[in-house]
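Peer 1: could you look at this predicted model? Sequence included:
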2 protein chains.
Amino acid sequence: MSVITIERKVLEKNDELAARNRAFFSQQGVFVVNLVSSPGSGKTSILERTLEYLAGRLPIAVIEGDVQTDFDAQRVAKFNVPVVQIVTNGGCHLDAKLVHDALGQLPIAGIRLLIIENVGNLVCPANYDLGEAIKVVVASTTEGDDKPLKYPSMFLNASVLIVNKVDLLPYVSCSLAALKGNALRINPSLAVFETSCTTKQGIADWAEWLVKKSQASSLGGSR
Amino acid sequence: MSVITIERKVLEKNDELAARNRAFFSQQGVFVVNLVSSPGSGKTSILERTLEYLAGRLPIAVIEGDVQTDFDAQRVAKFNVPVVQIVTNGGCHLDAKLVHDALGQLPIAGIRLLIIENVGNLVCPANYDLGEAIKVVVASTTEGDDKPLKYPSMFLNASVLIVNKVDLLPYVSCSLAALKGNALRINPSLAVFETSCTTKQGIADWAEWLVKKSQASSLGGSR
């Protein structure tokens, strides 16, 4: 019982800090994406293909979250964008405080799009608001088509679903229609993109959508 | 600071209950496997192929852990083994108390092998002892070869690594040698099996290993 109370307090405190992050992002006119998925769904690969496609189009920054290693930040840094790595040291999710602290090391002025890649975990990050504009959940075809029903919170809290690894559909037991249907049953307002980081299918659609959202967010910002 | 203290108390309490579960399993002469992985790595498929291969060989029971749905228990029940589904309702891992409660609904007398399929999560279940004999971690080739380095606790605490979906190696960016090398760098004593639930490659090796372990455990038990 006491644990539940403490957890609630932790979440209340997190929500408070997330609201502050959100106000800061709004003031800066930066559109912020919280990218979530299971380990190995392809978050970093999607990020790489997105940065490659959008090179020179708009100023982008990245915050990487990992339990251990700065491998992902190293991959992202190759695209010449500012990137900060958060290592959670066993922690299963990012929280608003970690993002706030990372912002202190990120030259945010002029940035229009900030992508925060969360820890690979389809459960815990669903409950922690970072102050983002939207959560984007990646589900890859290799994970099967039942994941939205088995891990509903993440799909309920997301605004976008990226179905990744569609090039592997011929080789795996996954119905694309069932995967999308299950996700939309949990959350009918999800925008859905289908991508492959190998063939680059769908990357342009997703990246152009991001640009539009970032431009709208920038117009809404106070500077 | 208070949160850390509470968490420690939670883990201490869990360890106490896990020790009780372990004593009970030992007394019953049942070998208990805690099966862990990311969502969609193929835990349930491996379980299905294992139950199919071992049909009639030894008495097996299953505990299924999921955030939502009893889909996995339904899949397992087709193999005519006793199965109990634990739905965590958002909880990101099984704990010793949940397993203890599930045992009350499982006819355990005479069972030689109990497989507990944990919630799909490569982070949180690493910290929660259920009273099992061994943790078996599944990593599929579609997740890439860096996962042991990025999620080291799970690989450190496991006794066995099953590299699954080896049939997809020609289509994905994953070096089998690097995946196994990274896992063994974290934990040199890991026993490694390579499987495909599509071609059934490696299932016999893994299942025969389980039989040997279960027989040894049964001989050590007091009944």
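Peer 2: Perfect, thanks for sending it. Residues are numbered from 1 along each chain as shown, chains lettered A, B, ... in the order given.
Peer 1: residues in chain A within reach of chain B, list them.
Peer 2: A:2-3, A:6, A:10, A:38-41, A:66-69, A:71, A:90, A:92, A:119-124, A:127, A:140, A:142-144, A:146-147, A:149-153, A:165, A:167-168, A:171-173, A:198 (C-beta under 8 Å from any C-beta of the partner chain). No exception for glycine: its C-beta is placed from N, CA and C like everyone else's.
Peer 1: just the buried ones from those residues, in ChimeraX syntax?
Peer 2: Per 16 or more other C-beta atoms under 10 Å in any protein chain shown, the buried members of those correspond to this ChimeraX selection:
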select /A:6,10,38,39,40,41,66,67,68,69,92,119,120,121,122,123,124,127,140,142,143,144,146,147,149,150,151,152,153,165,167,168,171,172,198
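Peer 1: among the residues of chain A next to chain B, which ones are in strands?
Peer 2: Residues from the residues of chain A next to chain B lying in strands, with DSSP state E as the criterion: A:66, A:140.
Peer 1: helices and strands around the helix or strand containing A:Thr44, which ones?
Peer 2: Taking DSSP states H and E as the criterion, A:Thr44 maps to helix A:43-53. For helix A:43-53, the packing partners by 3 or more C-beta pairs under 8 Å, 6 or more residues apart in numbering or on different chains; DSSP states H and E come out as strand A:31-37, strand A:60-66, helix A:71-77, strand A:113-117, strand A:160-164, helix A:203-220.
Peer 1: okay, those in a markdown table with mean pLDDT and distance to B:Asn80 next?
Peer 2: Shown next, in a markdown table, are these (pLDDT from 0 to 100; distance: least, C-beta to C-beta, whole Å):
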| stretch | mean pLDDT | distance to B:Asn80 |
| --- | --- | --- |
| strand A:31-37 | 98 | 35 |
| strand A:60-66 | 97 | 42 |
| helix A:71-77 | 95 | 45 |
| strand A:113-117 | 98 | 44 |
| strand A:160-164 | 98 | 35 |
| helix A:203-220 | 92 | 45 |
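Peer 1: of all those, which one is nearest B:Pro82?
Peer 2: B:Pro82 sits nearest to strand A:31-37 of all the helices and strands packed on helix A:43-53, at 33.9 Å, using C-beta to C-beta.
Peer 1: how far is the closest one from where the chain is centred?
Peer 2: 2 Å (C-alpha atoms, centre = their mean, to the nearest Å).
Peer 1: for stretch A:143-163, same thing?
Peer 2: 13 Å.
Peer 1: next, the distance between the ends of it.
Peer 2: 10 Å (C-alpha to C-alpha, to the nearest Å).
Peer 1: show the contacting residues for A:Glu48.
Peer 2: A:Glu48 makes contacts with A:75-76, A:79, A:197, as judged by C-beta atoms under 8 Å, 6 or more residues apart in numbering or on different chains.
Peer 1: list phi and psi for A:Phe193.
Peer 2: phi -120, psi 150 (degrees, to the nearest 10).
Peer 1: for the least confident helix or strand in chain A by mean pLDDT, packing partners?
Peer 2: Least confident helix or strand of chain A, by mean pLDDT, DSSP states H and E, is helix A:2-28 with a mean of 84. Judged by 3+ C-beta pairs under 8 Å, 6+ apart, the packing partners of helix A:2-28 are helix A:96-103, helix B:2-28.
Peer 1: mind checking how far stretch A:124-135 is from the chain centre?
Peer 2: 9 Å.
Peer 1: make JSON lines out of the helices and strands packed on helix A:43-53 and add distance to A:His100.
Peer 2: What follows is those, written out as JSON lines (distance: least, C-beta to C-beta, whole Å):
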{"stretch": "strand A:31-37", "distance to A:His100": "12"}
{"stretch": "strand A:60-66", "distance to A:His100": "11"}
{"stretch": "helix A:71-77", "distance to A:His100": "18"}
{"stretch": "strand A:113-117", "distance to A:His100": "12"}
{"stretch": "strand A:160-164", "distance to A:His100": "24"}
{"stretch": "helix A:203-220", "distance to A:His100": "19"}
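Peer 1: contacts only, for the spatially most central residue of chain A.
Peer 2: Residue closest to the mean C-alpha point of chain A, counted by C-alpha atoms, centre = their mean, is A:Leu35 at 0.9 Å. Contact analysis of A:Leu35 by C-beta under 8 Å, 6+ apart lists A:43, A:46-47, A:115-118, A:136, A:138.
Peer 1: re earlier: out of the helices and strands packed on helix A:2-28, which is the most enclosed?
Peer 2: helix A:96-103 (a mean of 19; mean count of other C-beta atoms under 10 Å in any protein chain shown).
Peer 1: ok, and what's touching it?
Peer 2: So helix A:96-103 is in contact with A:14-18, A:20-21, A:24, A:63, A:65, A:84, A:86, A:88, A:116, A:128-131, going by C-beta under 8 Å, 6+ apart.
Peer 1: can you rerun that using 10 Å?
Peer 2: A:13-22, A:24-25, A:28, A:32, A:34, A:61, A:63-65, A:83-88, A:91, A:94, A:106, A:114, A:116, A:118, A:128-132 (C-beta atoms under 10 Å, 6 or more residues apart in numbering or on different chains).
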